[in-house]
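> sharing a model that was predicted from the sequence below.
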Amino acid sequence: MSERSGQSPVSRSARLLDACAGTMERALGMRFVEEVTAGTIGDTAYADYLAIEESFVETATRLHGLAVWDAPDRTALERNARAVHALTTEQADYFRAARAAWPVPARPDVAGRAAVLSEFALAAAREGGYPAVMTVLFAAESLYSAWCTRAHERGDVPAGPIADWVSLHAGAEFRAGVAALAAQVDALPADLPDERVDRWFTGMLEAEIAFHDAVYR
């Protein structure tokens, strides 16, 4: 936590968002986000996205599960347990329904081309444990909350599975989850260097860009 002259202390999560704003803006401008927002995303691209995003949701579930095990207090334990439940119920149900309704299947090689996101997140978790898990998930969920809220409020998102997915990440429940992650980032040990936290956060956003670009390769 830092303090600006004459102002209240700045929380670690707010400082992190400010320090990494440039990378976040690049992620918010990626082709996938622009095409979903404009309603121009192709059937094959979104089919590929359903496949790779469902795979990453499994990774996120494992990361939250690790955080349950390593949670420093009961509040953190409960927050991560609720996230595991949401990922294995509401989001799992979405993917089953969306894949069944979508007109074309994903290309068989897309999972390998999009492995970068899970690889980065799991490597960070092995390096930094609970603090790294909270940081990379905060990066991913902050990105999704921002772009889906913009798309939901001002975009021309196609009705059906795409609009359902955007709405899921623009709603109050998802925002509450992002706020819970921010609170957990704020509670990370004070002696954890900002440079390390910044590296995890920006690295996750860079991996998100590569991950989403995989549906166009």
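The structure has been received and is ready for your questions.

> any idea which helix or strand comes after the longest helix anywhere in the chain?
As assigned by DSSP state H, the longest helix anywhere in the chain is helix 116-154. Later in the chain than helix 116-154, the nearest helix or strand by DSSP states H and E is helix 161-168.

> tell me which residues in that following helix are buried?
Pro161, Ile162, Ala163, Trp165, Val166, Leu168 (16 or more other C-beta atoms under 10 Å). Heads up, the C-betas are built off the backbone N, CA and C, glycines and all.

> just give the closest residue to the residue sitting nearest the centre point of the chain, not the sequence neighbours.
In the chain, the residue lying closest to the centroid (C-alpha atoms, centre = their mean) is Ala140, at 2.3 Å. Leaving aside its sequence neighbours, Ala140 sits nearest to Met204 (C-beta to C-beta, 6 or more residues apart in numbering; 5.9 Å).

> residues making contact with the helix or strand hosting the one you found?
Mapping Met204 onto the secondary structure by DSSP H and E places it in helix 194-213. If you take C-beta atoms under 8 Å, 6 or more residues apart in numbering as the criterion, helix 194-213 is touched by 12, 15-16, 19-20, 23-24, 26-27, 30-33, 49, 52, 56, 114, 116-117, 119-121, 124, 128, 131-132, 135-136, 138-140, 143, 185, 188.

> ok, Leu168 touching Asp93?
No - using C-beta atoms under 8 Å as the test, Leu168 is too far from Asp93 to be in contact (10.6 Å).

> ok, now how distant is Thr202 from Ala183?
Noted for Thr202: a distance of 21 Å to Ala183, by C-beta to C-beta, to the nearest Å.

> please say which of these two ends up with more neighbours.
Thr202 (19 against 16; other C-beta atoms under 10 Å).

> just give me the neighbour total for Trp69.
10.

> and it, what pLDDT?
pLDDT, Trp69: 96.

> point out where the chain drops to low pLDDT.
1-8 (pLDDT under 70).

> out of the buried residues of helix 161-168, which one sits closest to Arg217?
Each of the buried residues of helix 161-168 was scored against Arg217 by C-beta to C-beta, and Ile162 proved nearest at 20.4 Å.

> show me what contacts the closest one?
Counting by C-beta under 8 Å, 6+ apart, Ile162 has contacts Val36, Ile41, Tyr46.

> tell me the one of these nearest Cys148?
Closest to Cys148, out of all of these and judged by C-beta to C-beta, is Val36, at 8.7 Å.

> what helix or strand is the closest one on?
helix 31-38.

> which element follows that helix toward the C-terminus?
Criterion used, DSSP H and E; the element after helix 31-38 is helix 43-70.

> hmm, who's touching the following helix or strand past that following helix?
Remark: after helix 43-70, the chain's next helix or strand is helix 74-88, criterion DSSP H and E. With contact meaning C-beta under 8 Å, 6+ apart, helix 74-88 is reached by 57, 60-61, 64-65, 67-68, 71, 173, 177, 180-181, 183-184, 187.

> quick check: the gap between Glu90 and Pro189.
32 Å.

> neighbour count for these two, which is higher?
The neighbour comparison of Glu90 against Pro189 (other C-beta under 10 Å) goes to Glu90, with 12 against 8.

> can you pull the contacts of the nearest residue to the more buried one once chain neighbours are set aside?
Nearest residue to Glu90, sequence neighbours excluded (C-beta to C-beta, 6+ apart): Leu168, at 7.4 Å. Going by C-beta under 8 Å, 6+ apart, Leu168 touches Glu90, Gln91, Tyr94, Cys148, Phe174.
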